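Peer 1: Structure, please.
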Amino acid sequence: MISEEMKIAMKGIVPSTMSTCNSEGVPNISYISQLYYVDENHVAISNQFFNKTIRNIRENPLACVNIVSPEDFSMWVLDLKYSHSETESDLFEQMEMQLEAIASMQGMEDVFKLKAAEVFTLLSVNKI
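Peer 2: Numbers count the residues shown, from 1 in each chain. Just a heads-up that it's a prediction; the model follows:
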């Protein structure tokens, strides 16, 4: 289950990393802009640059995300399983607005374009 303390770490102030592997076990690690709380059993990740990551989760739906609290640098590892993509939904629109705000703060409005909200089922959470 995702705690309130973890939700703060998911805001992207300290970048999170996502680890995936293809069907042959070759790893890939990516920084993610947004890890979005959906409900106690699901999170969504903003997909704007994830070509290799998306290929990997289509081949092997398991992923691992590391999050860090900006308040005290507490860290958690979330084990996830890919569920589905959303390109037209309330979730997608909320994530798109949040990404636009992040992009405007960094002067990158034309670079950050949300392709999809990639929804994952939470398998386990471990505090490091």
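Peer 1: I'd guessed Leu123 sits against Ser83; true?
Peer 2: No: taking C-beta atoms under 8 Å as the definition, Leu123 is not a contact partner of Ser83, at 11.2 Å. (Each C-beta comes from the backbone N, C-alpha and C, glycine too.)
Peer 1: of those two, who's got more company?
Peer 2: More neighbours surround Ser83 than the other of Leu123 and Ser83, with 17 against 13 (other C-beta atoms under 10 Å).
Peer 1: got the buried residues for the helix or strand hosting that one?
Peer 2: Assigned by DSSP states H and E, Ser83 belongs to strand 75-86. Applying a neighbour-count criterion of 16 or more other C-beta atoms under 10 Å, the buried positions in strand 75-86 are 76, 78, 80, 82-83, 85-86.
Peer 1: Nearest to Ser23 among the residues you listed?
Peer 2: Nearest to Ser23 out of the buried residues of strand 75-86 is Tyr82 (C-beta to C-beta; 13.2 Å).
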